[in-house]
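Enquirer: Give the three-dimensional model of this entry:
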Amino acid sequence: MTRTLIVIAALLTLAVSTALAAPPAGKGKHESSGAAAAAGQSTEKKSKKCKAERASTGAANAFGKCVSSKDKAKDDDQDEAEAEAANEANESKAEDNAAKKCKAERAMGIDAFKARHGTNPNKANAFGKCVSKLAKAKSSS
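Expert: Predicted coordinates for the structure are as follows:
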């Protein structure tokens with residue numbers, strides 16, 4: 001009986017370790033999807049440009065740094081373009097959204113904002129009154 005339990009425990013130990021060591025189904029395969037293919041194509045273009053620069057200048061080293069610098073410059077340009085597009089989208093949404101307009105106005109000066117829009121003694125309802133006023137004005141126009 002003891003010997004049987006030892007054998008079962010050893011088999012369970014081997015089964016669990018094997019199950020944990022094996023990769024999940026589909027995770028061990030390399031994907032050559034559109035994104036990976038596009039990244040490969042852009043790297044090829046960068047490497048061709050760096051080869052041409054290296055041939056014209058006669059520099060024999062720093063090929064990897066050249067490709068990397070071109071990649072970083074491209075990423076910086078994309079980041080700036082995305083940020084500009086996001087800012088433009090937010091500005092157009094702020095024009096349409098009464099709460100965002102009031103929030104922008106409140107950021108310019110909280111005391112002046114409360115004095116202008118607040119109606120109760122401590123002016124704590126200024127934000128709600130501002131949003132309400134702008135929403136009513138938008139719905140009536």
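Enquirer: Could I get the phi/psi values of residue 50?
Expert: Residue 50 has phi and psi values of phi -70, psi -40 when expressed as degrees, to the nearest 10.
Enquirer: if I look at it, how far off is residue 124?
Expert: Per C-beta to C-beta, to the nearest Å, residue 50 is found 62 Å from residue 124. Where C-beta positions appear, they are placed from N, C-alpha and C, glycine not excepted.
Enquirer: go on, residue 136?
Expert: Separation of residue 136 from residue 124 (C-beta to C-beta) stands at 20 Å.
Enquirer: sec struct for residue 119, please.
Expert: Three-state call for residue 119 (DSSP: H, G, I helix; E, B strand; the rest coil): coil.
Enquirer: List the contacts of it.
Expert: 125, 129 (C-beta atoms under 8 Å, 6 or more residues apart in numbering).
Enquirer: what's the pLDDT at it?
Expert: As predicted, residue 119 sits at a pLDDT of 93.
Enquirer: When residue 50 and residue 124 are compared, which one has more neighbours?
Expert: residue 50 (20 against 11; other C-beta atoms under 10 Å).
Enquirer: Look up the closest residue to the more buried one, ignoring the ones flanking it.
Expert: In this structure, residue 50 finds its nearest non-sequential neighbour in residue 66, 3.8 Å apart by C-beta to C-beta, 6 or more residues apart in numbering.
Enquirer: My guess is the one you found contacts residue 48. True?
Expert: No. Using C-beta atoms under 8 Å, residue 66 is not in contact with residue 48; the gap is 11.1 Å.
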